[in-house]
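In: The sequence and its predicted three-dimensional model are supplied below.
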Amino acid sequence: QQPVQSPQAVILREGEDAVINCSSSKALYSVHWYRQKHGEAPVFLMILLKGGEQKGHDKISASFNEKKQQSSLYLTASQLSYSGTYFCGAEASTGNQFYFGTGTSLTVIP
Amino acid sequence: DAGITQSPRHKVTETGTPVTLRCHQTENHRYMYWYRQDPGHGLRLIHYSYGVKDTDKGEVSDGYSVSRSKTEDFLLTLESATSSQTSVYFCAISPVLETGGHYGYTFGSGTRLTVV
(Lines give C-alpha, C1' and ligand atoms only; values in the text may rest on other atoms or scores of the structure.)
Protein backbone atom coordinates (compact mmCIF):
# COMPACT_ATOMS: atom_id res chain seq x y z
CA GLN A 1 0.00 0.00 0.00
CA GLN A 2 3.00 2.27 0.46
CA PRO A 3 3.53 4.35 -2.68
CA VAL A 4 6.70 3.49 -4.56
CA GLN A 5 9.11 6.26 -5.44
CA SER A 6 11.78 6.29 -8.09
CA PRO A 7 14.63 6.77 -8.22
CA GLN A 8 15.71 5.78 -4.71
CA ALA A 9 18.64 8.17 -4.87
CA VAL A 10 19.98 10.78 -7.24
CA ILE A 11 23.04 13.01 -7.28
CA LEU A 12 22.95 16.26 -9.21
CA ARG A 13 25.29 19.13 -9.89
CA GLU A 14 24.02 22.60 -9.16
CA GLY A 15 21.85 23.85 -11.97
CA GLU A 16 20.78 20.42 -13.18
CA ASP A 17 17.18 19.22 -13.26
CA ALA A 18 15.63 16.17 -11.62
CA VAL A 19 12.34 14.29 -11.66
CA ILE A 20 11.06 12.14 -8.80
CA ASN A 21 8.18 9.79 -9.43
CA CYS A 22 5.56 8.44 -7.05
CA SER A 23 3.29 5.56 -7.97
CA SER A 24 0.35 4.15 -6.01
CA SER A 25 -1.65 0.97 -6.37
CA LYS A 26 -4.79 2.69 -5.09
CA ALA A 27 -7.10 5.28 -6.59
CA LEU A 28 -6.01 8.60 -5.14
CA TYR A 29 -7.77 11.68 -3.85
CA SER A 30 -4.61 13.69 -3.37
CA VAL A 31 -0.84 13.55 -3.41
CA HIS A 32 1.44 15.48 -1.07
CA TRP A 33 5.15 16.18 -1.44
CA TYR A 34 7.57 16.71 1.46
CA ARG A 35 11.26 17.35 1.86
CA GLN A 36 13.26 16.20 4.86
CA LYS A 37 16.78 17.36 5.60
CA HIS A 38 19.06 15.17 7.64
CA GLY A 39 18.17 15.23 11.33
CA GLU A 40 15.09 17.37 10.79
CA ALA A 41 11.36 16.86 10.42
CA PRO A 42 9.71 16.53 7.00
CA VAL A 43 8.46 19.81 5.60
CA PHE A 44 5.34 20.05 3.46
CA LEU A 45 5.98 21.35 -0.06
CA MET A 46 2.66 21.08 -1.86
CA ILE A 47 -0.55 19.16 -2.33
CA LEU A 48 -2.17 18.11 -5.59
CA LEU A 49 -5.81 17.19 -5.67
CA LYS A 50 -7.38 14.86 -8.21
CA GLY A 51 -8.14 16.72 -11.38
CA GLY A 52 -4.69 16.43 -12.96
CA GLU A 53 -3.48 19.82 -11.80
CA GLN A 54 0.11 20.88 -11.80
CA LYS A 55 1.38 23.10 -9.04
CA GLY A 56 4.52 25.12 -8.65
CA HIS A 57 6.63 26.25 -5.76
CA ASP A 58 9.57 28.41 -6.81
CA LYS A 59 11.56 26.11 -9.14
CA ILE A 60 9.89 23.01 -7.75
CA SER A 61 6.67 21.87 -9.39
CA ALA A 62 4.60 18.72 -9.51
CA SER A 63 1.97 16.98 -11.57
CA PHE A 64 -0.68 14.43 -10.69
CA ASN A 65 -2.13 11.91 -13.12
CA GLU A 66 -5.06 10.41 -11.24
CA LYS A 67 -5.84 7.89 -13.96
CA LYS A 68 -2.39 6.40 -13.66
CA GLN A 69 -2.28 7.01 -9.89
CA GLN A 70 1.07 8.68 -10.34
CA SER A 71 2.66 11.96 -9.40
CA SER A 72 5.95 13.50 -10.40
CA LEU A 73 8.01 16.17 -8.67
CA TYR A 74 10.13 18.38 -10.92
CA LEU A 75 13.16 20.23 -9.59
CA THR A 76 14.67 22.64 -12.05
CA ALA A 77 18.00 24.45 -11.87
CA SER A 78 18.77 22.65 -8.63
CA GLN A 79 20.40 24.48 -5.74
CA LEU A 80 22.50 23.12 -2.88
CA SER A 81 19.53 23.79 -0.58
CA TYR A 82 17.44 21.24 -2.47
CA SER A 83 19.42 18.38 -0.96
CA GLY A 84 17.42 16.08 1.26
CA THR A 85 15.02 13.18 1.14
CA TYR A 86 11.79 13.71 -0.74
CA PHE A 87 8.65 11.86 0.23
CA CYS A 88 5.36 11.68 -1.52
CA GLY A 89 2.23 11.07 0.50
CA ALA A 90 -0.84 9.56 -1.07
CA GLU A 91 -4.39 9.85 0.24
CA ALA A 92 -6.73 7.18 -1.08
CA SER A 93 -10.05 8.12 -2.63
CA THR A 94 -11.88 5.88 -0.17
CA GLY A 95 -11.27 4.95 3.42
CA ASN A 96 -9.31 8.02 4.50
CA GLN A 97 -6.05 6.10 4.18
CA PHE A 98 -2.83 8.05 3.82
CA TYR A 99 0.59 6.55 3.21
CA PHE A 100 4.02 8.04 2.76
CA GLY A 101 6.19 6.87 -0.09
CA THR A 102 9.49 5.06 0.17
CA GLY A 103 11.52 8.26 -0.19
CA THR A 104 14.10 9.57 -2.66
CA SER A 105 17.46 10.85 -1.48
CA LEU A 106 18.56 13.84 -3.53
CA THR A 107 22.06 15.27 -3.22
CA VAL A 108 23.11 18.44 -5.01
CA ILE A 109 26.84 18.98 -5.32
CA PRO A 110 28.70 22.13 -6.38
CA ASP B 1 6.15 29.77 15.22
CA ALA B 2 6.07 25.98 14.93
CA GLY B 3 2.49 25.47 16.12
CA ILE B 4 3.46 21.97 17.22
CA THR B 5 6.00 20.88 19.79
CA GLN B 6 7.18 17.50 21.00
CA SER B 7 8.88 16.43 24.17
CA PRO B 8 11.32 15.10 24.99
CA ARG B 9 13.66 15.56 22.02
CA HIS B 10 15.86 12.66 23.06
CA LYS B 11 15.32 9.78 25.44
CA VAL B 12 17.20 6.66 26.40
CA THR B 13 15.22 4.08 28.32
CA GLU B 14 15.59 0.50 29.45
CA THR B 15 13.73 -2.45 28.03
CA GLY B 16 10.48 -3.07 29.84
CA THR B 17 9.94 0.45 31.14
CA PRO B 18 6.94 2.56 30.16
CA VAL B 19 7.61 5.69 28.13
CA THR B 20 5.32 8.59 27.27
CA LEU B 21 5.96 11.04 24.48
CA ARG B 22 4.09 14.32 24.36
CA CYS B 23 2.79 16.37 21.47
CA HIS B 24 1.29 19.83 21.88
CA GLN B 25 -0.32 21.97 19.16
CA THR B 26 -1.54 25.55 19.14
CA GLU B 27 -3.35 25.33 15.77
CA ASN B 28 -6.63 23.86 17.05
CA HIS B 29 -6.60 21.11 14.42
CA ARG B 30 -8.87 18.11 14.93
CA TYR B 31 -6.44 15.65 13.46
CA MET B 32 -3.20 14.67 15.17
CA TYR B 33 -0.90 11.78 14.29
CA TRP B 34 2.00 9.80 15.64
CA TYR B 35 4.51 8.38 13.16
CA ARG B 36 7.72 6.47 13.54
CA GLN B 37 10.55 6.73 11.08
CA ASP B 38 13.05 3.97 10.55
CA PRO B 39 15.69 3.45 7.86
CA GLY B 40 14.26 1.42 5.01
CA HIS B 41 10.67 1.87 6.20
CA GLY B 42 10.06 5.56 5.84
CA LEU B 43 7.26 7.11 7.87
CA ARG B 44 4.72 4.71 9.30
CA LEU B 45 1.55 5.66 11.11
CA ILE B 46 1.21 4.43 14.69
CA HIS B 47 -2.03 6.02 15.87
CA TYR B 48 -4.06 9.06 15.02
CA SER B 49 -6.77 11.16 16.61
CA TYR B 50 -9.70 12.92 15.01
CA GLY B 51 -10.94 14.67 18.13
CA VAL B 52 -10.85 14.68 21.92
CA LYS B 53 -11.02 11.07 23.09
CA ASP B 54 -11.38 9.90 19.46
CA THR B 55 -8.42 7.81 18.35
CA ASP B 56 -7.72 5.00 15.93
CA LYS B 57 -4.92 2.61 15.08
CA GLY B 58 -2.44 2.98 12.30
CA GLU B 59 -0.40 0.34 10.52
CA VAL B 60 2.13 -0.24 13.34
CA SER B 61 0.08 0.20 16.51
CA ASP B 62 1.09 -2.94 18.43
CA GLY B 63 2.83 -2.03 21.69
CA TYR B 64 1.62 1.56 21.63
CA SER B 65 -1.34 3.38 23.11
CA VAL B 66 -2.47 6.99 22.82
CA SER B 67 -4.65 9.43 24.64
CA ARG B 68 -6.15 12.78 23.79
CA SER B 69 -7.91 14.53 26.65
CA LYS B 70 -7.61 18.03 25.17
CA THR B 71 -7.59 19.29 21.59
CA GLU B 72 -4.05 20.55 21.96
CA ASP B 73 -2.38 17.47 23.50
CA PHE B 74 -1.78 14.00 22.08
CA LEU B 75 0.22 11.49 24.11
CA LEU B 76 1.93 8.36 22.86
CA THR B 77 2.74 5.65 25.40
CA LEU B 78 4.97 2.66 24.99
CA GLU B 79 3.57 0.37 27.66
CA SER B 80 6.71 -1.74 27.98
CA ALA B 81 9.48 -0.53 25.72
CA THR B 82 11.35 -3.02 23.54
CA SER B 83 14.49 -2.61 21.45
CA SER B 84 12.37 -2.80 18.28
CA GLN B 85 10.77 0.47 19.35
CA THR B 86 14.05 2.32 19.05
CA SER B 87 13.16 4.90 16.44
CA VAL B 88 12.52 8.54 15.68
CA TYR B 89 8.97 9.49 16.55
CA PHE B 90 7.17 12.36 14.88
CA CYS B 91 3.92 13.97 15.83
CA ALA B 92 1.98 15.71 13.06
CA ILE B 93 -1.12 17.82 12.62
CA SER B 94 -3.18 18.61 9.58
CA PRO B 95 -6.20 20.73 8.75
CA VAL B 96 -9.09 19.13 6.94
CA LEU B 97 -10.07 20.39 3.48
CA GLU B 98 -13.64 21.48 2.80
CA THR B 99 -13.89 18.48 0.50
CA GLY B 100 -13.00 16.16 3.36
CA GLY B 101 -9.42 15.29 2.54
CA HIS B 102 -6.37 16.38 4.45
CA TYR B 103 -4.15 19.33 3.73
CA GLY B 104 -0.40 19.10 4.26
CA TYR B 105 0.96 17.75 7.49
CA THR B 106 3.00 19.89 9.85
CA PHE B 107 5.46 17.79 11.80
CA GLY B 108 6.95 18.32 15.20
CA SER B 109 10.73 18.27 15.60
CA GLY B 110 10.74 14.61 16.53
CA THR B 111 11.80 12.47 19.48
CA ARG B 112 14.79 10.20 19.14
CA LEU B 113 14.07 7.23 21.39
CA THR B 114 16.64 4.59 22.19
CA VAL B 115 15.62 1.46 24.08
CA VAL B 116 18.59 -0.37 25.61
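Out: It's in.

In: Output the contacting helices and strands for the top strand by length along chain B.
Out: Of all the segments of type strand in chain B, defined by DSSP state E, the longest one is strand B:42-51. Counting contacts by 3 or more C-beta pairs under 8 Å, 6 or more residues apart in numbering or on different chains; DSSP states H and E, strand B:42-51 packs against strand A:98-100, strand B:31-38, strand B:54-57, strand B:64-70, strand B:73-78. (Each C-beta comes from the backbone N, C-alpha and C, glycine too.)

In: from chain A, which residue is nearest to chain B?
Out: residue A:44 (3.4 Å; C-beta to the nearest C-beta).

In: Go through the helices and strands packed on strand B:42-51 and name the closest to residue B:92.
Out: strand B:31-38 (4.4 Å; C-beta to C-beta).

In: Against residue A:91, how distant is the residue nearest to residue B:48 when sequence neighbours are not counted?
Out: Spatial nearest neighbour of residue B:48, excluding adjacent residues (C-beta to C-beta, 6 or more residues apart in numbering or on different chains): residue B:33 at 4.4 Å. Distance, residue B:33 to residue A:91, by C-beta to C-beta, to the nearest Å: 13 Å.

In: Make sure residue A:70 is actually in contact with residue A:22.
Out: Yes - assessed by C-beta atoms under 8 Å, residue A:70 is found in contact with residue A:22 at 6.6 Å.

In: who has more neighbours, these two?
Out: More crowded of residue A:70 and residue A:22, by other C-beta atoms under 10 Å in any protein chain shown: residue A:22, with 28 against 19.

In: Now tell me what touches the helix or strand hosting the more buried one from outside.
Out: With secondary structure defined by DSSP states H and E, residue A:22 is part of strand A:18-23. Here strand A:18-23 makes contact (C-beta atoms under 8 Å, 6 or more residues apart in numbering or on different chains) with A:3-7, A:10, A:12, A:31, A:33, A:68-75, A:78, A:86, A:88, A:90, A:101, A:104, A:106.

In: go with 10 Å
Out: The contact list for strand A:18-23 (C-beta atoms under 10 Å, 6 or more residues apart in numbering or on different chains) reads A:3-7, A:10-12, A:28, A:31-33, A:60, A:62-65, A:68-76, A:78, A:82, A:86-90, A:100-104, A:106, A:108.
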